[in-house]
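Engineer: With the sequence up front, the predicted model follows.
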Amino acid sequence: MNTLILPEQIALNAICPYFTMFPLRFPLAILSRLAHSSDVVLDPFCGRGTTNFAARLLGLTTIGVDSSPIAIAMTEAKLATPMVSPKHIISEAKEILGRKIDCNVPAGIFWSSAYRNSVLLDICKLRESLLGNCRSAKRKALRAIMLGALHGPLRKEGTSSYFSNQAPRTYAPKPNYAISFWRRMGCRAPHVDVLEIIAARAVRYYTANLPSVNYVIKQADSRKAFILQRMCAEHQPKFIITSPPYYGLRTYVSDQWLRNWFLGGPETVDYSYGVQLSHRGKEAFVNDLRAVWLNIASVSHKRAQLIFRFGAINDRHLDPREIIKASLKNTPWQLSTIVDAGTASRGKRQADSFGHKQSKAIAEFDAWAIRA
(Lines give C-alpha, C1' and ligand atoms only; values in the text may rest on other atoms or scores of the structure.)
Protein backbone atom coordinates (compact mmCIF):
# COMPACT_ATOMS: atom_id res chain seq x y z
CA MET A 1 0.00 0.00 0.00
CA ASN A 2 1.74 3.13 -1.24
CA THR A 3 0.09 6.13 0.40
CA LEU A 4 1.80 9.47 0.78
CA ILE A 5 1.33 10.76 4.33
CA LEU A 6 2.22 14.38 5.00
CA PRO A 7 3.84 15.46 8.30
CA GLU A 8 0.84 17.62 9.23
CA GLN A 9 -1.47 14.62 8.90
CA ILE A 10 0.16 12.80 11.82
CA ALA A 11 -0.19 15.72 14.28
CA LEU A 12 -3.50 14.42 15.61
CA ASN A 13 -1.81 11.35 17.05
CA ALA A 14 -0.21 13.54 19.75
CA ILE A 15 -3.49 15.08 20.96
CA CYS A 16 -3.18 13.43 24.37
CA PRO A 17 0.07 11.76 25.51
CA TYR A 18 -0.24 8.39 27.18
CA PHE A 19 2.69 6.75 28.91
CA THR A 20 1.99 3.28 27.52
CA MET A 21 2.07 4.47 23.93
CA PHE A 22 4.17 2.98 21.16
CA PRO A 23 5.33 5.14 18.23
CA LEU A 24 3.05 5.68 15.24
CA ARG A 25 5.78 4.46 12.91
CA PHE A 26 5.42 0.93 14.35
CA PRO A 27 1.90 0.12 13.04
CA LEU A 28 2.24 2.52 10.10
CA ALA A 29 5.31 0.78 8.71
CA ILE A 30 3.68 -2.65 9.00
CA LEU A 31 0.41 -1.64 7.39
CA SER A 32 2.04 0.46 4.66
CA ARG A 33 4.11 -2.56 3.62
CA LEU A 34 1.66 -5.43 4.04
CA ALA A 35 -1.96 -4.25 4.02
CA HIS A 36 -4.39 -3.91 1.13
CA SER A 37 -7.23 -1.40 0.92
CA SER A 38 -9.87 -3.99 1.86
CA ASP A 39 -8.06 -5.21 4.99
CA VAL A 40 -9.37 -4.64 8.53
CA VAL A 41 -7.10 -3.69 11.45
CA LEU A 42 -7.81 -4.60 15.08
CA ASP A 43 -6.20 -3.47 18.33
CA PRO A 44 -7.63 -5.27 21.41
CA PHE A 45 -5.60 -3.03 23.77
CA CYS A 46 -5.97 0.16 21.77
CA GLY A 47 -4.75 2.66 24.41
CA ARG A 48 -4.56 6.09 22.84
CA GLY A 49 -5.52 4.66 19.44
CA THR A 50 -2.15 4.69 17.68
CA THR A 51 -2.85 1.55 15.63
CA ASN A 52 -6.35 2.74 14.79
CA PHE A 53 -5.02 6.13 13.72
CA ALA A 54 -2.40 4.48 11.51
CA ALA A 55 -5.22 2.52 9.87
CA ARG A 56 -7.15 5.74 9.28
CA LEU A 57 -4.15 7.42 7.65
CA LEU A 58 -4.10 4.53 5.17
CA GLY A 59 -7.88 4.47 4.67
CA LEU A 60 -8.37 1.08 6.37
CA THR A 61 -11.37 -0.08 8.39
CA THR A 62 -10.34 -0.37 12.03
CA ILE A 63 -11.59 -1.82 15.32
CA GLY A 64 -10.40 -0.85 18.80
CA VAL A 65 -11.12 -2.17 22.28
CA ASP A 66 -9.85 -0.94 25.65
CA SER A 67 -11.05 -1.11 29.25
CA SER A 68 -10.12 2.53 29.90
CA PRO A 69 -12.65 5.31 29.19
CA ILE A 70 -9.71 7.67 28.62
CA ALA A 71 -8.31 5.42 25.92
CA ILE A 72 -11.67 5.26 24.17
CA ALA A 73 -12.16 9.04 24.35
CA MET A 74 -8.76 9.63 22.74
CA THR A 75 -9.26 6.99 20.06
CA GLU A 76 -12.71 8.29 19.12
CA ALA A 77 -11.27 11.79 18.68
CA LYS A 78 -8.75 10.43 16.18
CA LEU A 79 -11.37 8.61 14.14
CA ALA A 80 -14.37 10.95 14.41
CA THR A 81 -16.13 11.24 11.06
CA PRO A 82 -16.79 13.59 9.40
CA MET A 83 -13.57 15.44 10.10
CA VAL A 84 -14.14 18.54 12.19
CA SER A 85 -12.41 21.88 11.67
CA PRO A 86 -10.72 24.05 14.31
CA LYS A 87 -13.49 26.60 13.76
CA HIS A 88 -16.16 24.08 14.79
CA ILE A 89 -14.26 23.03 17.92
CA ILE A 90 -13.46 26.58 19.03
CA SER A 91 -17.04 27.72 18.43
CA GLU A 92 -18.37 24.81 20.49
CA ALA A 93 -16.01 25.56 23.40
CA LYS A 94 -16.86 29.27 23.28
CA GLU A 95 -20.58 28.53 23.32
CA ILE A 96 -20.22 26.25 26.37
CA LEU A 97 -18.05 28.71 28.28
CA GLY A 98 -20.49 31.52 27.52
CA ARG A 99 -23.41 29.71 29.15
CA LYS A 100 -24.35 29.68 32.79
CA ILE A 101 -23.86 26.08 33.85
CA ASP A 102 -24.41 24.66 37.31
CA CYS A 103 -21.43 22.44 37.97
CA ASN A 104 -19.61 20.91 40.89
CA VAL A 105 -16.19 22.56 41.39
CA PRO A 106 -13.79 20.42 43.45
CA ALA A 107 -12.47 22.06 46.61
CA GLY A 108 -9.33 21.52 48.65
CA ILE A 109 -5.68 22.48 48.67
CA PHE A 110 -4.73 20.24 45.76
CA TRP A 111 -7.31 21.76 43.41
CA SER A 112 -6.58 25.36 44.46
CA SER A 113 -2.86 24.72 44.03
CA ALA A 114 -3.21 22.89 40.73
CA TYR A 115 -5.45 25.42 38.96
CA ARG A 116 -6.36 29.08 39.17
CA ASN A 117 -9.95 29.50 40.34
CA SER A 118 -11.17 30.89 37.02
CA VAL A 119 -9.42 28.13 35.10
CA LEU A 120 -10.90 25.38 37.26
CA LEU A 121 -14.38 26.86 36.84
CA ASP A 122 -14.03 26.84 33.05
CA ILE A 123 -12.73 23.26 33.12
CA CYS A 124 -15.72 22.22 35.23
CA LYS A 125 -18.19 23.93 32.88
CA LEU A 126 -16.74 22.10 29.92
CA ARG A 127 -16.68 18.85 31.88
CA GLU A 128 -20.35 19.15 32.85
CA SER A 129 -21.44 19.95 29.31
CA LEU A 130 -19.42 17.17 27.69
CA LEU A 131 -20.63 14.63 30.26
CA GLY A 132 -24.17 15.51 29.30
CA ASN A 133 -23.58 15.28 25.55
CA CYS A 134 -20.49 14.09 23.71
CA ARG A 135 -22.07 12.49 20.65
CA SER A 136 -20.90 14.84 17.90
CA ALA A 137 -17.47 14.73 16.27
CA LYS A 138 -16.67 18.29 17.36
CA ARG A 139 -17.48 17.47 20.99
CA LYS A 140 -15.39 14.32 20.89
CA ALA A 141 -12.51 16.38 19.54
CA LEU A 142 -13.00 19.03 22.24
CA ARG A 143 -13.07 16.34 24.94
CA ALA A 144 -9.74 14.90 23.78
CA ILE A 145 -8.18 18.36 23.63
CA MET A 146 -9.26 18.93 27.23
CA LEU A 147 -7.80 15.60 28.32
CA GLY A 148 -4.49 16.44 26.68
CA ALA A 149 -4.30 19.93 28.21
CA LEU A 150 -5.55 19.01 31.68
CA HIS A 151 -2.05 18.71 33.15
CA GLY A 152 1.50 19.25 31.95
CA PRO A 153 4.81 21.03 32.53
CA LEU A 154 5.32 24.74 32.97
CA ARG A 155 7.75 26.58 30.73
CA LYS A 156 10.90 28.01 32.29
CA GLU A 157 9.34 31.47 32.40
CA GLY A 158 6.33 30.07 34.28
CA THR A 159 3.84 30.20 31.42
CA SER A 160 2.09 27.11 30.13
CA SER A 161 0.22 25.57 27.23
CA TYR A 162 -1.55 23.38 29.81
CA PHE A 163 -4.15 24.33 32.39
CA SER A 164 -2.29 23.09 35.47
CA ASN A 165 0.57 23.82 37.79
CA GLN A 166 3.81 21.93 37.09
CA ALA A 167 2.91 18.32 36.26
CA PRO A 168 3.92 15.43 34.00
CA ARG A 169 2.32 15.27 30.55
CA THR A 170 1.37 11.62 30.61
CA TYR A 171 0.28 10.80 34.15
CA ALA A 172 -1.53 12.80 36.82
CA PRO A 173 0.34 14.04 39.92
CA LYS A 174 -0.76 12.49 43.20
CA PRO A 175 -2.16 15.20 45.52
CA ASN A 176 0.08 14.90 48.59
CA TYR A 177 3.30 14.67 46.64
CA ALA A 178 2.24 17.41 44.22
CA ILE A 179 1.40 19.86 47.01
CA SER A 180 4.73 19.20 48.73
CA PHE A 181 6.62 19.58 45.46
CA TRP A 182 4.86 22.82 44.46
CA ARG A 183 5.57 24.36 47.87
CA ARG A 184 9.20 23.27 47.87
CA MET A 185 9.83 24.52 44.33
CA GLY A 186 7.69 27.64 44.61
CA CYS A 187 5.48 26.57 41.68
CA ARG A 188 2.22 28.43 41.17
CA ALA A 189 -0.66 27.55 38.89
CA PRO A 190 -0.33 29.68 35.75
CA HIS A 191 -2.67 32.42 34.57
CA VAL A 192 -4.00 30.89 31.37
CA ASP A 193 -6.94 31.47 29.06
CA VAL A 194 -8.74 28.15 28.67
CA LEU A 195 -10.28 29.11 25.32
CA GLU A 196 -6.93 30.24 23.93
CA ILE A 197 -5.33 26.89 24.84
CA ILE A 198 -8.24 25.02 23.24
CA ALA A 199 -7.99 27.16 20.10
CA ALA A 200 -4.23 26.64 19.75
CA ARG A 201 -4.60 22.89 20.12
CA ALA A 202 -7.58 22.72 17.76
CA VAL A 203 -5.49 24.41 15.06
CA ARG A 204 -2.51 22.16 15.78
CA TYR A 205 -4.41 18.88 15.67
CA TYR A 206 -7.41 19.41 13.41
CA THR A 207 -6.17 21.42 10.43
CA ALA A 208 -4.96 18.58 8.20
CA ASN A 209 -7.31 16.77 5.85
CA LEU A 210 -7.62 13.08 6.78
CA PRO A 211 -9.54 10.24 5.11
CA SER A 212 -12.83 9.06 6.59
CA VAL A 213 -12.91 5.35 7.44
CA ASN A 214 -15.28 2.79 8.88
CA TYR A 215 -14.49 2.06 12.51
CA VAL A 216 -15.83 0.36 15.62
CA ILE A 217 -14.52 1.51 19.01
CA LYS A 218 -15.74 0.21 22.36
CA GLN A 219 -14.83 0.40 26.03
CA ALA A 220 -14.82 -3.29 26.94
CA ASP A 221 -12.77 -6.26 28.09
CA SER A 222 -11.10 -8.20 25.28
CA ARG A 223 -10.97 -11.30 27.48
CA LYS A 224 -14.72 -11.69 26.92
CA ALA A 225 -15.31 -13.58 23.69
CA PHE A 226 -18.75 -12.11 22.93
CA ILE A 227 -17.30 -8.59 22.86
CA LEU A 228 -15.04 -9.27 19.90
CA GLN A 229 -17.66 -11.47 18.23
CA ARG A 230 -20.10 -8.57 18.17
CA MET A 231 -17.54 -5.97 17.13
CA CYS A 232 -16.15 -8.13 14.33
CA ALA A 233 -19.49 -9.45 13.10
CA GLU A 234 -19.20 -7.50 9.83
CA HIS A 235 -15.43 -7.24 9.56
CA GLN A 236 -12.78 -9.97 9.87
CA PRO A 237 -9.49 -8.47 11.05
CA LYS A 238 -6.55 -9.27 8.80
CA PHE A 239 -4.02 -7.44 10.98
CA ILE A 240 -3.94 -7.36 14.77
CA ILE A 241 -1.34 -4.85 15.93
CA THR A 242 -1.21 -4.07 19.63
CA SER A 243 0.77 -3.73 22.84
CA PRO A 244 -0.70 -5.50 25.88
CA PRO A 245 -0.16 -4.14 29.41
CA TYR A 246 3.25 -5.20 30.68
CA TYR A 247 3.19 -7.70 33.51
CA GLY A 248 3.23 -5.94 36.88
CA LEU A 249 2.29 -2.50 35.54
CA ARG A 250 -0.96 -1.96 37.46
CA THR A 251 -1.09 1.81 37.83
CA TYR A 252 -3.13 2.66 34.72
CA VAL A 253 -6.12 3.83 36.76
CA SER A 254 -4.33 5.83 39.45
CA ASP A 255 -1.90 7.39 36.97
CA GLN A 256 -4.84 8.72 34.94
CA TRP A 257 -7.04 9.86 37.82
CA LEU A 258 -7.37 13.52 36.73
CA ARG A 259 -8.39 12.58 33.21
CA ASN A 260 -10.74 9.99 34.64
CA TRP A 261 -12.28 12.72 36.84
CA PHE A 262 -12.90 14.85 33.74
CA LEU A 263 -14.77 11.91 32.23
CA GLY A 264 -17.04 11.62 35.25
CA GLY A 265 -14.85 9.79 37.76
CA PRO A 266 -14.18 10.70 41.40
CA GLU A 267 -12.32 13.81 42.62
CA THR A 268 -9.84 11.61 44.48
CA VAL A 269 -7.23 9.13 43.30
CA ASP A 270 -8.64 5.71 42.47
CA TYR A 271 -6.02 3.12 43.40
CA SER A 272 -7.95 0.16 42.05
CA TYR A 273 -6.56 -1.81 39.14
CA GLY A 274 -9.67 -1.41 37.02
CA VAL A 275 -10.62 -3.96 34.38
CA GLN A 276 -7.44 -5.28 32.83
CA LEU A 277 -5.25 -8.36 32.67
CA SER A 278 -4.65 -10.05 36.00
CA HIS A 279 -1.36 -9.23 37.72
CA ARG A 280 -1.80 -11.65 40.65
CA GLY A 281 0.94 -13.85 39.24
CA LYS A 282 2.72 -14.76 36.05
CA GLU A 283 0.46 -17.74 35.33
CA ALA A 284 -2.74 -15.74 35.80
CA PHE A 285 -1.40 -12.98 33.54
CA VAL A 286 -0.40 -15.46 30.82
CA ASN A 287 -3.81 -17.16 30.97
CA ASP A 288 -5.61 -13.84 30.58
CA LEU A 289 -3.44 -12.83 27.65
CA ARG A 290 -3.96 -16.24 26.04
CA ALA A 291 -7.73 -15.76 26.36
CA VAL A 292 -7.45 -12.55 24.32
CA TRP A 293 -5.38 -14.29 21.62
CA LEU A 294 -7.96 -17.09 21.45
CA ASN A 295 -10.83 -14.63 21.15
CA ILE A 296 -9.08 -12.78 18.36
CA ALA A 297 -8.37 -15.99 16.48
CA SER A 298 -12.07 -16.88 16.56
CA VAL A 299 -13.06 -13.70 14.69
CA SER A 300 -10.04 -12.99 12.50
CA HIS A 301 -9.30 -13.63 8.85
CA LYS A 302 -7.96 -17.11 8.07
CA ARG A 303 -4.64 -15.55 7.01
CA ALA A 304 -4.51 -12.98 9.80
CA GLN A 305 -1.27 -11.75 11.32
CA LEU A 306 -0.79 -10.88 14.98
CA ILE A 307 2.00 -8.41 15.74
CA PHE A 308 2.47 -7.11 19.26
CA ARG A 309 5.06 -5.25 21.29
CA PHE A 310 5.72 -6.45 24.82
CA GLY A 311 8.25 -5.65 27.52
CA ALA A 312 8.79 -5.68 31.27
CA ILE A 313 9.05 -3.26 34.16
CA ASN A 314 11.95 -2.86 36.56
CA ASP A 315 10.41 -4.56 39.59
CA ARG A 316 9.48 -7.70 37.63
CA HIS A 317 12.65 -9.63 36.88
CA LEU A 318 11.61 -11.82 34.00
CA ASP A 319 12.28 -12.18 30.32
CA PRO A 320 9.36 -10.74 28.29
CA ARG A 321 10.00 -13.37 25.64
CA GLU A 322 8.96 -16.08 28.10
CA ILE A 323 5.53 -14.51 28.53
CA ILE A 324 5.16 -13.97 24.77
CA LYS A 325 5.83 -17.66 24.06
CA ALA A 326 3.70 -18.92 26.95
CA SER A 327 0.70 -16.76 26.02
CA LEU A 328 0.67 -18.08 22.44
CA LYS A 329 0.97 -21.71 23.48
CA ASN A 330 -2.14 -23.81 22.74
CA THR A 331 -3.65 -21.12 20.51
CA PRO A 332 -4.17 -21.03 16.72
CA TRP A 333 -1.35 -18.47 16.52
CA GLN A 334 1.99 -19.77 15.29
CA LEU A 335 4.89 -17.65 16.50
CA SER A 336 7.19 -16.87 13.57
CA THR A 337 9.71 -14.49 15.15
CA ILE A 338 10.54 -12.27 18.11
CA VAL A 339 12.48 -9.12 17.27
CA ASP A 340 14.36 -6.92 19.72
CA ALA A 341 12.60 -3.53 19.65
CA GLY A 342 15.17 -1.71 21.76
CA THR A 343 14.39 -0.25 25.17
CA ALA A 344 11.32 1.38 26.64
CA SER A 345 11.79 4.90 27.91
CA ARG A 346 9.32 7.43 29.20
CA GLY A 347 11.70 10.21 28.23
CA LYS A 348 12.57 13.50 29.87
CA ARG A 349 9.00 14.77 29.77
CA GLN A 350 8.13 12.33 32.56
CA ALA A 351 11.43 11.70 34.27
CA ASP A 352 12.18 15.35 34.83
CA SER A 353 8.75 16.82 35.53
CA PHE A 354 8.91 16.12 39.25
CA GLY A 355 12.65 15.74 39.59
CA HIS A 356 12.69 11.96 39.44
CA LYS A 357 15.79 10.16 38.27
CA GLN A 358 14.90 7.98 35.36
CA SER A 359 15.23 4.27 36.05
CA LYS A 360 17.02 2.00 33.65
CA ALA A 361 14.86 1.12 30.68
CA ILE A 362 13.86 -2.50 30.05
CA ALA A 363 14.14 -4.18 26.66
CA GLU A 364 11.02 -4.52 24.54
CA PHE A 365 10.29 -7.13 21.89
CA ASP A 366 8.04 -7.35 18.85
CA ALA A 367 6.34 -10.71 18.37
CA TRP A 368 5.06 -11.79 14.96
CA ALA A 369 2.59 -14.66 14.67
CA ILE A 370 0.32 -15.98 11.93
CA ARG A 371 -2.97 -17.78 12.27
CA ALA A 372 -2.25 -21.47 11.72
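Structural biologist: Happy to help now that I have it. Numbering: from 1, shown residues only.
Engineer: Provide the strand pairings for the lengthiest strand in the chain, with the direction of each partner.
Structural biologist: Assignment by DSSP state E gives strand 333-343 as the longest strand of the chain. Under the criterion DSSP bridges, strand 333-343 sits next to strand 363-371 (antiparallel) in its sheet.
Engineer: Please state the mean pLDDT value computed over the strand it pairs with.
Structural biologist: For strand 363-371, mean pLDDT is 94.
Engineer: Stretch 165-176 too?
Structural biologist: In this model, stretch 165-176 has an average pLDDT of 95.
Engineer: That one spans what distance, first to last residue?
Structural biologist: Criterion CA to CA, to the nearest Å; first-to-last residue distance in stretch 165-176 is 14 Å.
Engineer: List of residues touching that stretch?
Structural biologist: 17-19, 108, 110, 113-115, 150-154, 162, 178, 181-182, 185, 187-190, 251, 254-259, 268-269, 346, 349-350, 353-354 (CB atoms under 8 Å, 6 or more residues apart in numbering). Every residue, glycine included, has its C-beta placed from N, CA and C.
Engineer: Next: stretch 3-13.
Structural biologist: Residues outside stretch 3-13 that contact it (CB under 8 Å, 6+ apart): 24, 28, 32, 48, 50, 53, 57-59, 77-78, 204-210.
Engineer: Stretch 87-94 now?
Structural biologist: Contact with stretch 87-94 is made by 126, 138-139, 141-142, 145, 194-195, 198-199, 202, 206, as judged by CB under 8 Å, 6+ apart.
Engineer: tell me how far it is from the chain's mean position?
Structural biologist: Mean C-alpha position of stretch 87-94 versus that of the full chain (CA atoms, centre = their mean, to the nearest Å) differs by 23 Å.
Engineer: Now Asn330: phi and psi?
Structural biologist: phi 60, psi 30 (degrees, to the nearest 10).
Engineer: Enumerate every residue touching it.
Structural biologist: Residues in contact with Asn330 (CB under 8 Å, 6+ apart) are Arg290.
Engineer: related to what we said a few turns ago, rebuild the contacts of stretch 87-94 as a markdown table, extending it with neighbour count and distance to Val216.
Structural biologist: Converted to a markdown table, these look like this (neighbours: other CB atoms under 10 Å; distance: CB to CB, whole Å):
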| residue | neighbour count | distance to Val216 |
| --- | --- | --- |
| Leu126 | 25 | 27 |
| Lys138 | 22 | 21 |
| Arg139 | 22 | 19 |
| Ala141 | 28 | 19 |
| Leu142 | 27 | 22 |
| Ile145 | 26 | 23 |
| Val194 | 22 | 33 |
| Leu195 | 16 | 33 |
| Ile198 | 24 | 28 |
| Ala199 | 18 | 31 |
| Ala202 | 25 | 26 |
| Tyr206 | 27 | 22 |
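Engineer: Out of these, the closest to Val119 would be?
Structural biologist: Nearest to Val119 among these, counting by CB to CB, is Val194 at 5.9 Å.
Engineer: Fine by me, thanks again.
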